[in-house]
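Q: Pasting a predicted model and its sequence here:
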Amino acid sequence: MVGVLSQKEALERAYRAGLDLVEVSPNADPPVCKILDYGKYKFEEQKRRAEMRKKQKVIEIKEVQLRPGIDKHDFEVKMRSARKFIDDGDKLKVTLRFRGRELSHQELGMDVLTRVKETLQDVAKVEHDPKFEGKRVIMILAPLK
């Protein structure tokens, strides 16, 4: 804290110290400046931003595709991979595809989606309820945490 100086005097002090004069708050009256090593400041700022980026978790949407007539073992395999996706912190998109005459038995598809909900209820919550989009029914699950 030096106080109010002229621009020339401040630049002269920074030059004698072998550092830079950096304007911190230009809108203040008078403007606030610091004498510091600008290269080192930029480097530390870059490191701090990189550290913040490293701590962020990008949430992806993983997809599991099912059919209305899925067998018990196939269903269990799909639920294992779905559980792994949710445990990793990703959202899960469950797509149920109907082909041909299966479309006339939509209740079978809804039963499969109900089984998915019940199987994963301890690790996930339903973010979007099952919704028809053409010959598909889509439901999105999100981790509980």
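A: In hand now; what should we look at?
Q: In the chain, where is pLDDT below threshold?
A: For the chain, no stretch is flagged by pLDDT under 70.
Q: in what helix or strand does residue 130 lie?
A: Of the helices and strands defined by DSSP states H and E, residue 130 is found in strand 124-133.
Q: counting contacts, what elements does that strand pack onto?
A: Packing partners of strand 124-133 (3 or more C-beta pairs under 8 Å, 6 or more residues apart in numbering; DSSP states H and E): strand 91-97, helix 106-120, strand 136-143. C-beta here means a position set from N, CA and C on the backbone, and glycine is covered the same way.
Q: In the longest one, which of the residues would be classed as buried?
A: When you say that, I think you mean helix 106-120. Residues of helix 106-120 classed as buried by neighbour count (16 or more other C-beta atoms under 10 Å): 109, 112, 113, 116, 117, 119, 120.
Q: Surely the second one and residue 70 touch.
A: Yes: assessed by C-beta atoms under 8 Å, residue 112 is found in contact with residue 70 at 6.2 Å.
Q: quick revisit: and the angle for the strand holding residue 130 with helix 106-120?
A: The directions of strand 124-133 and helix 106-120 differ by 160 degrees, with axes from the mean of the first three to the mean of the last three C-alpha atoms, to 10 degrees as the criterion.
Q: can you give me how far strand 124-133 is from the chain middle?
A: 20 Å (C-alpha atoms, centre = their mean, to the nearest Å).
Q: Quickly run through the sheet partners of that strand, with directions.
A: Sheet pairing of strand 124-133 (DSSP bridges) gives strand 136-143 (antiparallel).
Q: what residues does the strand it pairs with touch?
A: 61, 82, 86-87, 89-98, 106, 109-110, 113, 116-117, 120, 123-131 (C-beta atoms under 8 Å, 6 or more residues apart in numbering).
Q: Name the residues of it that are buried.
A: Buried positions in strand 136-143, judged by neighbour count with 16+ other C-beta under 10 Å: 137, 138, 139, 140, 141, 142, 143.
Q: Closest one to residue 18 out of those, please.
A: residue 143 (52.7 Å; C-beta to C-beta).
Q: Would you quantify the distance from the closest one to residue 133?
A: When distance is defined by C-beta to C-beta, to the nearest Å, residue 143 is 24 Å away from residue 133.
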